[in-house]
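Participant: I need the structure of the sequence given here:
(one chain, ligands or ions: 1)
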Amino acid sequence: MTPALETRGLAKQFGGLKVTRDLSLKIAQGARHALIGPNGAGKTTVINLLTGVLRPNGGRILLEGNDITDVTVHGRVLRGLSRTFQINQLYPDLTPIETIGLAVSERLGRGGDWWRVMGTRSDVNAEIAENLERFHLTDVMNEPTATLPYGKQRLLEIAVAIATKPRVLLLDEPAAGVPESERHDILAAVASLPRDVTVLLIEHDMDLVFSFADRISVLVNGAMLVEGAPDEVARDSQVKAVYLGEGADG
Ligand SMILES: Nc1ncnc2c1ncn2[C@@H]1O[C@H](COP(=O)(O)OP(=O)(O)OP(=O)(O)O)[C@@H](O)[C@H]1O
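Facilitator: From the prediction side, this is the model:
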C-alpha cells in the first residue's frame, strides 16, 4: 500500500551544520508512528520540512504518493497534512466552542462569517460538539482560552488540527509542559484520535510514546538510527546506549 507520508533521502543543513541526513521514512496509512531521539537530534527540523516551513537541500517528500516537496505550507494543509504546534497559537479571547467553530468554518470556506455558520448549520454544531467531547473540552467550552488550564489549551490545539480533517496529522510534543495531573487527558485524547487519520507523533514523554505508537523511528544526529515495533526499539542496544548516555529524559 502507498505510504500515507514518505521521505526519500531528505537532507537539510544550516550553513555547514547537517541536521537532516539522507532521511528515508515511510509512515503507513492509519499508522500511529512516533519519531523520537535525544535533544538536538533534528526532530523539529523534520516536522518543519514535512509541513513546508523549511525547504530541504535534497530529497523528496510524498503525501499519499504525490510529491509535495515544492508545495506551500497552506497547500499541504489543503491536501490533508496538518500539524499541531509546540507553542500555543490559539486566540486567547475566544472560547473552545468558538475556536473549534472558527476552524470548522474555515475548512468549509466560511471563516469570514463563522459566527453565522455556527448559528445556522446543525451539522457544524454536531461536529463542534463531537470534538469538544472527544478532547474533554465540554466542561470549559464557554471559558476564554487564555483562562484554561494548560493541558486544556493543548487539547484545544489538537482539536483545531482535527477540525481541518487531516489525512495525516503531525503531533508536535502534545504533552510538553503539561503538568502531571493533566497528562492523563492528553494520553486519552491522543488514543482516541480518529483511526482513519494517520498520526506522526514527536514526543519526549516515553509513557505517551510507548502507549501510543505501533511503530517508532529513532533519530540521532539527523539520521535514522533504528526503526521498528515498540518492543524491538525498546530492546535495541544502540537505542539503549543513546538514551542511557543522556539520562532518562527524551
Ligand atoms: N534555523 C536554524 N539555524 C541553525 N541551526 C539550527 C536551526 N534550527 C535548528 N538548528 C540546529 O539543528 C539541530 C537540530 O535541531 P532540532 O530543533 O531539529 O532538534 P530536536 O531533535 O527537535 O531537538 P529538541 O528535542 O531539543 O527539540 C540543532 O543542533 C539545532 O541547533
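
Participant: The spatially most central residue of the chain: which element?
Facilitator: By C-alpha atoms, centre = their mean, the mean C-alpha position of the chain lies nearest to Leu171, the distance being 1.5 Å. Using DSSP states H and E, Leu171 falls within strand 168-172.

Participant: got a list of contacts for that strand?
Facilitator: 4-5, 27, 44, 47, 50-51, 63, 80-86, 158, 161-162, 190, 193, 197-203 (C-beta atoms under 8 Å, 6 or more residues apart in numbering). C-betas here are computed from N, CA, C, even on glycine.

Participant: That strand near the ligand at all?
Facilitator: No - Strand 168-172 lies apart from the ligand when judged by C-beta under 6 Å from any ligand atom; the minimum separation is 9.1 Å.

Participant: Restricting to C-alpha, output that strand in PDB.
Facilitator: Provided in PDB are the C-alpha atoms of strand 168-172 (Å, rounded to 0.1, in the frame of the first residue of the first chain):
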ATOM      1  CA  VAL A 168      -2.100  12.900   8.200                       C
ATOM      2  CA  LEU A 169      -1.600  14.700  11.500                       C
ATOM      3  CA  LEU A 170       1.800  15.700  12.800                       C
ATOM      4  CA  LEU A 171       1.600  15.900  16.600                       C
ATOM      5  CA  ASP A 172       4.400  18.000  17.900                       C
END
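
Participant: Paired strands for that strand, with orientation please.
Facilitator: Its sheet considered, strand 168-172 pairs with strand 81-83 (parallel), strand 198-202 (parallel) by DSSP bridges.

Participant: got CSV for those, with distance to the ligand too?
Facilitator: Formatted as CSV, the strands paired with strand 168-172 follow (distance: least, C-beta to the nearest ligand atom, whole Å):
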stretch, distance to the ligand
strand 81-83, 14
strand 198-202, 7
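
Participant: what packs against the least confident helix or strand in the chain by mean pLDDT?
Facilitator: When the helices and strands of the chain are scored by mean pLDDT, DSSP states H and E, helix 114-120 comes last with a mean of 77. Counting contacts by 3 or more C-beta pairs under 8 Å, 6 or more residues apart in numbering; DSSP states H and E, helix 114-120 packs against helix 96-107, helix 122-134.

Participant: Contacts for that helix next, please.
Facilitator: Counting by C-beta under 8 Å, 6+ apart, 97-98, 101-102, 104-106, 108, 110, 124-125, 128 sit against helix 114-120.

Participant: Just the buried ones among those, please.
Facilitator: 97-98, 101-102, 104-106, 110, 124-125, 128 (16 or more other C-beta atoms under 10 Å).

Participant: ok, back up a step: how about the least confident helix or strand of the chain: buried residues?
Facilitator: 114, 117-118.

Participant: picking up where we left off before, mind checking which of the helices and strands packed on helix 114-120 is nearest Ser181?
Facilitator: helix 96-107 (19.5 Å; C-beta to C-beta).

Participant: what would the strands paired with strand 168-172 look like in JSON lines with mean neighbour count?
Facilitator: Shown next, in JSON lines, are the strands paired with strand 168-172 (neighbours: other C-beta atoms under 10 Å):
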{"stretch": "strand 81-83", "mean neighbour count": "24"}
{"stretch": "strand 198-202", "mean neighbour count": "24"}
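
Participant: Least confident of the ones you listed, on average?
Facilitator: Per-segment mean pLDDT for the strands paired with strand 168-172 reaches its minimum on strand 81-83, at a mean of 93.

Participant: from the middle of its chain, how far away would it be?
Facilitator: Taking C-alpha atoms, centre = their mean, to the nearest Å, one finds strand 81-83 lying 7 Å from the centre of the chain it belongs to.

Participant: what does that strand contact?
Facilitator: So strand 81-83 is contacted by 5, 47, 50-51, 63, 68, 161, 164, 166-172 (C-beta under 8 Å, 6+ apart).

Participant: and the residues you listed, which are buried?
Facilitator: Buried members of the contacts of strand 81-83, counted by 16+ other C-beta under 10 Å: 5, 47, 50-51, 63, 68, 161, 164, 166-172.
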